[in-house]
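Colleague: make a model of this:
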Amino acid sequence: MNPILSVKELKKTYIMGTTQVHALQSVSLDINKNEYVALMGPSGSGKSTLMNLLGCLDTPTSGEYLLNGTSVSTMTDSELAEIRNKEIGFVFQTFNLLPRLSALENVALPLVYGGVSKAKRLERAQEVLEAVGLGDRVDHKPNELSGGQRQRVAIARALVNNPSIILADEPTGNLDSKTSAEIMQILGSLHRQGNTIILVTHEPDIAEYAHRVVRLRDGLVESDTLNEHVVSA
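Modeller: Here you go, the predicted structure:
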């Protein structure tokens with residue numbers, strides 16, 4: 001099986017004044033289509049840096065990153081922007097919704113950059129909002145929604161382009177335990193439908209939902225294990 005995502009000896013060094021910070025020392029990792037992977041590690045372990053590199057939000061200092069067999073390191077800024085828009089759906093801890101737009105308009109936004117007609121954009125946005133259980137909240141603005149509902153809007157926005165990978169960065173970090181469980185059930189359902197999901201979390205109970213857990217420490221992969229109870233379920 002060809003991995004959907006493959007990194008080899010990925011390194012990221014930040015220059016801060018006269019200091020070099022080695023956020024990623026050397027990470028090699030393959031993730032196959034329809035895997036559900038949790039990236040874990042203490043603060044400063046490199047998990048957020050790795051997530052930013054995988055999401056094409058940042059570029060590595062050295063190493064190779066293949067996405068669907070294509071080398072990301074050779075892409076131009078406009079090609080990277082297109083990859084981010086079409087191949088990857090992002091879900092953030094802070095939701096990152098535009099406050100003046102309705103749920104429907106927030107979800108439709110990525111399609112604007114794809115040149116999709118307004119009618120088609122709104123139709124598709126309505127579809128995915130219904131899929132996450134918010135068909136009756138399409139006209140509500142973010143401040144009219146609960147935290148859990150806002151995260152559902154963010155998940156719908158991540159799905160609107162039918163991406164091949166969903167990157168979720170601490171998606172339950174601002175939510176209570178009951179709402180967190182609901183959001184994780186939605187991500188589990190998306191995985192069963194064929195999506196590849198990569199989840200960054202520092203919470204062991206959230207990582208339990210994933211089929212595979214990659215632990216980082218000091219910019220290196222410390223362990224890479226299967227959640228046997230999930231895989232065999």
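
Colleague: rest of the way, CA atoms for contacts and neighbours
Modeller: Will do.

Colleague: show me what the longest helix along the chain packs onto, helices and strands only.
Modeller: Longest helix in the chain, counting residues (DSSP state H): helix 177-192. Counting contacts by 3 or more C-alpha pairs under 8 Å, 6 or more residues apart in numbering; DSSP states H and E, helix 177-192 is packed against helix 147-159.

Colleague: list the strands paired with the helix or strand that the helix it packs on is followed by, with their directions.
Modeller: Sequence-wise, the next helix or strand downstream of helix 147-159 (DSSP states H and E) is strand 165-169. Sheet pairing for strand 165-169, assigned by DSSP bridges, gives strand 88-92 (parallel), strand 196-200 (parallel).

Colleague: quick one: contacts for Leu10?
Modeller: Listed by C-alpha atoms under 8 Å, 6 or more residues apart in numbering, the contact partners of Leu10 are 24-28, 60-65.

Colleague: next, format those residues as TSV and append distance to Pro3, pLDDT and neighbour count.
Modeller: Formatted as TSV, those follow (distance: C-alpha to C-alpha, whole Å; pLDDT from 0 to 100; neighbours: other C-alpha atoms under 10 Å):
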residue	distance to Pro3	pLDDT	neighbour count
Leu24	21	93	27
Gln25	22	92	18
Ser26	19	93	18
Val27	16	95	20
Ser28	13	95	15
Pro60	19	90	22
Thr61	22	92	14
Ser62	20	92	15
Gly63	17	94	16
Glu64	14	93	18
Tyr65	11	93	26
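
Colleague: in helices, which of the residues you listed appear?
Modeller: Among the contacts of Leu10, no member falls in helices (DSSP H).

Colleague: doesn't Leu216 belong to a strand?
Modeller: Yes. Assessed with DSSP: H, G, I helix; E, B strand; the rest coil, Leu216 lies in a strand.

Colleague: surely it meets Gly44?
Modeller: No. Leu216 is beyond contact range of Gly44, at 9.3 Å (criterion: C-alpha atoms under 8 Å).

Colleague: who's more crowded, the two?
Modeller: The neighbour count for Leu216 versus Gly44, taken as other C-alpha atoms under 10 Å, is higher for Leu216 (23 against 14).

Colleague: what's the separation between Arg157 and Leu187?
Modeller: As judged by C-alpha to C-alpha, to the nearest Å, Arg157 and Leu187 stand 13 Å apart.

Colleague: out of the two, which sits in the busier spot?
Modeller: Set Arg157 next to Leu187 and count neighbours by other C-alpha under 10 Å: Arg157 wins out with 27 against 24.

Colleague: what pLDDT is listed against that one?
Modeller: pLDDT recorded at Arg157 is 93.

Colleague: residue contacts, it?
Modeller: 89, 106-110, 125, 128.

Colleague: ok, of the residues you listed, which one's closest to Leu167?
Modeller: Checking the contacts of Arg157 against Leu167 by C-alpha to C-alpha gives Gly89 as the nearest, at 6.1 Å.

Colleague: fine by me, thanks again.
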